[in-house]
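> sequence unavailable; structure follows:
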């Protein structure tokens, strides 16, 4: 009896325990029992979900499987679903006359491994319903599955018919292909995709996720939150793709591998045109951005990135921005209409800019090299129309063969710049040619040619400046020294004042040829300069209270007389003189006698 | 005081740099001064020499009011005879001519050359003034033009012209061009050898015997096989000089003539003149006689070369504008204004207000250089351009019936 009591007690306890955990156990049991419901739970519990598996498609409404479809094995056309799923899931939009070819998708679609969903010419227009909440929205997602979209216009549509759906709707549709999946988009227009701010990044529009692959060819992505996002994807090809009017960045490449880009155009992005991050040693070419609110192309924390033949037009935040990019190369970049064309910053950054063509109209710099970079090389190319052509604020910078025209300051060396070498740089026009501030050191100019600046050609307060060869012409003051310098074989011409040394500055010149319209060398009090084997030609060749020491075969003369100007003056005077002779000789000539109707008789 | 002088001297040297006279400009200015210097020494001939003088006027499609004024001005000169050679189709001018004591010859041959020949053949005076039908004389023209003929070597005499009551920009500019011509080029040619390159057809006086002598050559002029229709005045002058006679510009004899007021007709007239000048000068420079008048040859070459060099200046201006070198643009524009004003000082003394037209005058000058080059490129074309006659298949023909001709017919 006692034994019986114990057994009954145990049975009751077990029953009570079972009753206590029953709901959870039911759900768990259901999940384990019905993989479609389990998939619904893993997918954020959307109001409606279609789970596509090989040979079957389960329609799940609020967590319950309400219907199962049995499509033929193989790729599943959207047209089959539209014909069989029911209009509240996927169906043709009714039309007044004829056969509808517009399909509306009212459900989230999950593609399970081994499945393929096709959208093609039989469904040329597809509307995907945007919900007011994330759960009521639609999407197509999958892993180790295929999504093929060919020649389709894919548009988000709100329940009230607004097409495309407003960008701030929490349930706007998106496409996302995850692990091992393939998404191929060809000749397609995708309009108004991507969920609002705060949604996970994979829901931002069209996303190739980790290890997903595929391509976008000849397609346009318009008005997405992010136009395209490649996050950890593998070997995705973007060919002749246009991304327009994205709310945030146009294209995000983050941790992707083997991406090939050919003819990517990004227009009017709310953020950056293209954002690049997360992958080392990648090469991208043929990217064109325009009218972005942010930067045209922004690359962050890259190693070995090569950007070739990129173009940026009127991107408000700048053309190309490289942050903490190590061993990166920017080749043949074209930037116009941006306030700042190329900027390099971030600890450890080391960048090479080759043959860039930069045209600006703003108050930024053509090439801005920030103080925290490790080094940079700028070779060839042309820069015109910026407030500063090249702004060097960091160390170990080489500029070789670059032409700067019409910039406020051609090359500005400032901040913590040290070990800066300018070689065969040409600066034309603007206010100042090359300036170096007092905080910089080890600045070397060789064969730098500066011409046509309105104020100063070369202005340096950098201790130990070295100038070898080159020329400065057409400035108010050709060379203005505020710190010690060594100048060799420098030619100065057409300047109002050839060289000026501020008070206390010591400098050395060798093989200088200075031709100035007013003053050759002006040394202020306590300044000291020695010139060796040089020539100074100016109306006032040497002036100021400082010391100018002439060594070797130094020649100091007046400048050549402006004979042509003098000849012009003589010619004018002769003209007046000859007229005077004529007037005197004909002073008694009377007016002609003629009929009164003739008036021109003087 | 010495320091102030030194500073002033330095400033003077400094600002000389900004006078944008290039080497080419220096050459052009030198050529101009070579012309201007003798021109400043010019004087009209003064004596009591007098010869019987007749007037020959080809008349075709003339403004009736101007024509009547012109006849009255010729008669006021008390010339010995006035011969009007009027086109048979021009009934209006025939009616006007009938009001005055003049000889009227009606011609049915189109073209000015034949009318001129008919005129001087009908004339009987020692001197014949070939006059355009819109040219109004001062009261003493006949008296003044006789004076140079006191020298038996003088074969032809020209007068000074101005625009009849100029109105509007183009007529004012034409008046400037005329003063430039009679105070510089023609005056210099008169002083330096009495060989004026062209006695303008508006009024040119010749010895009648010479006209009869050159009559056939005048009528038979061709250029590269095409009979010449316009350029009669240049041809007559050349034929006179060719035969060893001299030509003289008597500036005290003043006449006024009408000039076009629209750019289209202005350009057409200039194109016709430029073609005539190219033809005549190129032909003259290839003959030996012109080198007996070195200054005349120099002015011909100078005029030809200037057609090309004049365009360098606007080229540099355009280049400076493209480079946005506004300082140079301002210097060059100022130089154009001042230097061209200096070159037309005789006109500015006469009409100071024209100083404000000088920029326009400069631009028209550049346009004329282009016109001259176009004329050189189309040198064989024979069209009057401002009248309805042309040379077709080697014969001067009317290209349209004048207004009223059909009714008259």
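Right, received. Where do you want to start? This structure is a prediction, so every number in the text was calculated from the model and none was measured.
> contacts and neighbour counts: CA atoms only from here.
OK.
> need the three-state assignment for the residue nearest in space to the middle of chain B.
Central residue of chain B (C-alpha atoms, centre = their mean): residue B:200, 5.2 Å from the mean position. With DSSP: H, G, I helix; E, B strand; the rest coil as the basis, residue B:200 sits in coil.
> ok, for it, nearest residue in space, not its chain neighbours?
The shortest distance from residue B:200 to any non-neighbouring residue, by C-alpha to C-alpha, 6 or more residues apart in numbering or on different chains, is to residue B:233 (5.8 Å).
> helix, strand, or coil at the one you found?
helix.
> got a list of what it touches?
Taking C-alpha atoms under 8 Å, 6 or more residues apart in numbering or on different chains, we find residue B:233 in contact with B:198, B:199, B:200, B:201, B:204.
> average model confidence for the longest helix seen in chain A?
If you go by DSSP state H, chain A has its longest helix at helix A:563-585. Per-residue pLDDT values across helix A:563-585 average out to 90.
> now that helix, how far from the centre of its chain.
62 Å (C-alpha atoms, centre = their mean, to the nearest Å).
> quick one: buried residues of it?
Using 16 or more other C-alpha atoms under 10 Å in any protein chain shown as the test for burial, helix A:563-585 gives A:564-569, A:571-572, A:574-575, A:578-579, A:582.
> any chance of these in a markdown table, with distance to residue A:593 too?
Output for these, formatted as a markdown table (distance: C-alpha to C-alpha, whole Å):
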| residue | distance to residue A:593 |
| --- | --- |
| A:564 | 46 |
| A:565 | 45 |
| A:566 | 44 |
| A:567 | 42 |
| A:568 | 40 |
| A:569 | 39 |
| A:571 | 36 |
| A:572 | 34 |
| A:574 | 33 |
| A:575 | 30 |
| A:578 | 28 |
| A:579 | 25 |
| A:582 | 22 |
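> near chain B too, which of the residues you listed?
A:564-569, A:571-572, A:574-575, A:578-579, A:582 (C-alpha under 8 Å from any C-alpha of the partner chain).
> ok, back up a step: quick one: contacts for the residue nearest to the centre of chain B?
Residue B:200 neighbours (C-alpha under 8 Å, 6+ apart): B:158, B:159, B:233, B:234.
> give me the phi and psi for residue 79.
Looking at chain A here, since you left the chain open. When read as degrees, to the nearest 10, the backbone of residue A:79 gives phi -60, psi -30.
> what's the spacing between residue A:121 and residue A:187?
Distance of residue A:121 to residue A:187, given as C-alpha to C-alpha, to the nearest Å: 11 Å.
> what of residue B:295?
Computed as C-alpha to C-alpha, the residue B:295 to residue A:187 distance reads 80 Å.
> same deal with residue A:276?
From residue A:276 to residue A:187 the distance is 25 Å (C-alpha to C-alpha).
> again with residue A:228
Residue A:228 is 15 Å from residue A:187, by C-alpha to C-alpha.
> right, and residue B:117 touches residue B:215 too?
Yes. When contacts are counted by C-alpha atoms under 8 Å, residue B:117 is listed as touching residue B:215 (6.9 Å).
> in stretch B:107-120, which residues are buried?
B:107, B:110, B:111, B:112, B:113, B:114, B:115, B:116, B:117, B:118, B:119, B:120.
> gap between it and the chain center?
Distance, centroid of stretch B:107-120 to centroid of chain: 21 Å (C-alpha atoms, centre = their mean).
> ditto for stretch A:350-368
11 Å.
> ok, that stretch near chain B or not?
No. Against chain B, stretch A:350-368 shows no contacts by C-alpha under 8 Å from any C-alpha, the least distance being 15.8 Å.
> what residues of that stretch count as buried?
Neighbour-count burial for stretch A:350-368 flags A:350-362, A:364-368 (criterion: 16+ other C-alpha under 10 Å).
> start and end of it, how far apart?
13 Å.
> try stretch A:578-597
33 Å.
> among the buried residues of stretch B:107-120, which are in strands?
residue B:107 (DSSP state E).
> farthest pair within the buried residues of stretch B:107-120?
Within the buried residues of stretch B:107-120, B:110 and B:120 form the most distant pair, 16.8 Å apart (C-alpha to C-alpha).
> all helices for the stretch 251-400 of chain B, in order.
B:263-285, B:294-309, B:312-322, B:326-343, B:345-350, B:358-377 (DSSP state H, counting those that start in this stretch).
> so what touches the third one?
Judged by C-alpha under 8 Å, 6+ apart, the contacts made with helix B:312-322 from elsewhere in the structure are B:326, B:328, B:329, B:332, B:366.
> now swap in the fourth one and tell me
With C-alpha under 8 Å, 6+ apart as the contact definition, helix B:326-343 has outside contacts at A:572, A:575-576, B:18-20, B:180, B:317, B:320-321, B:348, B:355, B:358-359, B:362.
> give the rounded mean pLDDT of that helix.
Averaged over helix B:326-343, pLDDT sits at 90.
> how about the longest one?
The pLDDT scores in helix B:263-285 average 88.
> hmm, back to that, ok, residue A:228 and residue A:187, which is more surrounded?
Neighbour tally, residue A:228 and residue A:187, criterion other C-alpha atoms under 10 Å in any protein chain shown: the higher count belongs to residue A:228, 28 against 17.
> hang on, the earlier thing: any of the contacts of helix B:312-322 buried? List them.
Looks like the contacts of helix B:312-322 have B:328, B:329, B:332, B:366 buried, using 16+ other C-alpha under 10 Å.
> isn't the last one up against residue B:311?
This means residue B:366. Yes. Using C-alpha under 8 Å, residue B:366 is in contact with residue B:311, at 6.4 Å.
> turn the buried residues of stretch B:107-120 into TSV, columns for distance to chain A and pLDDT.
Output for the buried residues of stretch B:107-120, formatted as TSV (distance: C-alpha to the nearest C-alpha, whole Å; pLDDT from 0 to 100):
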residue	distance to chain A	pLDDT
B:107	30	92
B:110	31	83
B:111	29	83
B:112	26	87
B:113	29	88
B:114	31	91
B:115	28	93
B:116	26	93
B:117	29	94
B:118	29	93
B:119	26	94
B:120	26	94
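> give the closest residue to residue 302 in space, chain neighbours not counted.
In the absence of a named chain, this looks at chain A. With C-alpha to C-alpha, 6+ apart as the measure, residue A:325 is the residue that lies nearest to residue A:302, at 4.5 Å, once sequence neighbours are left out.
> my question was about chain B, not that one.
Spatially, and ignoring its direct neighbours in sequence, residue B:302 is nearest to residue B:31 (7.4 Å; C-alpha to C-alpha, 6+ apart).
> what about that neighbour, which helix or strand?
Element membership of residue B:31, judged by DSSP states H and E, is helix B:23-40.
> what residues does that helix touch?
A:564, A:567-568, A:571, A:574-575, A:578-579, A:581-582, B:183-189, B:191-192, B:302, B:306, B:309.
> that helix: which residues count as buried?
B:25-26, B:28-29, B:31-40.
> check contacts around residue 169.
Just so you know, I chose chain A. Here residue A:169 is in contact with A:130, A:131, A:132, A:133, A:195, A:196 (C-alpha under 8 Å, 6+ apart).
> oops, wrong one, chain B.
B:261, B:357 are the contacts of residue B:169 under C-alpha under 8 Å, 6+ apart.
> surely it is in a strand?
No. Assignment of residue B:169 by three-state DSSP gives helix, placing it outside any strand.
> number of residues surrounding residue B:125?
Residues near residue B:125, counting by other C-alpha under 10 Å: 19.
> re earlier: out of the helices of the stretch 251-400 of chain B, nearest to residue A:503?
Per C-alpha to C-alpha, nearest to residue A:503 of these: helix B:326-343, 32.8 Å.
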